[in-house]
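A.B. asks: model this:
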Amino acid sequence: MARPQSPQLTEAEQRIIEVLWQQGEASVKSITSALEQEHSLAYTTVLTTVGIMADKGYVSFRKEGRAHIYKAELTKERAQKKALGSILSSLFGGSAKTLAQHLVEDEKLSLEDIEALRSELLTASEKMEKKNDE
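C.D. replies: This is a model prediction of the structure:
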């Protein structure tokens, strides 16, 4: 039976899937090598974690000789949506407005950031108006 998917990736899963997003495919040995500079993870830890990730459907693998070659099935965009959805529901009562207000009020946004947000909001507003007119 497959493990239930958690609302967001664990820290270890995040590190591993970032390697897979960068490399496309990788063996446990390659993943361990890529992570050993910043994080000293044992080969067996990476092996166990990718096994759990495969059970969750986050990665798939194929055999190449004796090695398993892993590939991300979870896209970066989907991971972001899952994490944001989890944060939105658990910390902001499901309110995107409250989250947006928090970001604007509490984060140090540059004028450039604010202008980009304004542009996105105008574009979204125009799309909604167009959709309502149809």
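A.B. asks: So which elements touch the helix or strand hosting Ser86?
C.D. replies: According to DSSP states H and E, Ser86 maps onto helix 76-91. With contacts taken as 3 or more C-beta pairs under 8 Å, 6 or more residues apart in numbering; DSSP states H and E, helix 76-91 sits against helix 11-23, helix 96-106. Just so you know, the C-beta spots here come from the backbone N, C-alpha and C atoms, and that holds for glycine as well.
A.B. asks: winner for burial among those?
C.D. replies: Mean neighbours per residue, mean count of other C-beta atoms under 10 Å, is largest over those for helix 11-23, with a mean of 17.
A.B. asks: pLDDT weak spots in this protein?
C.D. replies: Within the chain, the set of residues satisfying pLDDT under 70 comprises 1-7.
A.B. asks: Check it for its longest helix and report it.
C.D. replies: helix 111-133 (DSSP state H).
A.B. asks: same for that helix, what does it pack against?
C.D. replies: Contacting helix 111-133 under the criterion 3+ C-beta pairs under 8 Å, 6+ apart is no other helix or strand.
A.B. asks: Grab the CA positions of the helix holding Ser86 and hand them over as PDB.
C.D. replies: Coordinates of each C-alpha in helix 76-91 appear next as PDB, following Å, rounded to 0.1, in the frame of the first residue of the first chain:
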ATOM      1  CA  LYS A  76       8.500  22.000  -8.900                       C
ATOM      2  CA  GLU A  77       5.300  23.900  -9.600                       C
ATOM      3  CA  ARG A  78       3.200  21.100  -8.000                       C
ATOM      4  CA  ALA A  79       5.500  21.000  -5.000                       C
ATOM      5  CA  GLN A  80       5.100  24.800  -4.600                       C
ATOM      6  CA  LYS A  81       1.300  24.600  -4.900                       C
ATOM      7  CA  LYS A  82       1.100  21.800  -2.300                       C
ATOM      8  CA  ALA A  83       3.400  23.700   0.200                       C
ATOM      9  CA  LEU A  84       1.600  27.000  -0.300                       C
ATOM     10  CA  GLY A  85      -1.800  25.300   0.100                       C
ATOM     11  CA  SER A  86      -0.700  23.700   3.300                       C
ATOM     12  CA  ILE A  87       0.700  27.000   4.700                       C
ATOM     13  CA  LEU A  88      -2.500  28.800   3.500                       C
ATOM     14  CA  SER A  89      -4.800  26.400   5.300                       C
ATOM     15  CA  SER A  90      -2.800  25.900   8.500                       C
ATOM     16  CA  LEU A  91      -1.500  29.400   9.200                       C
END
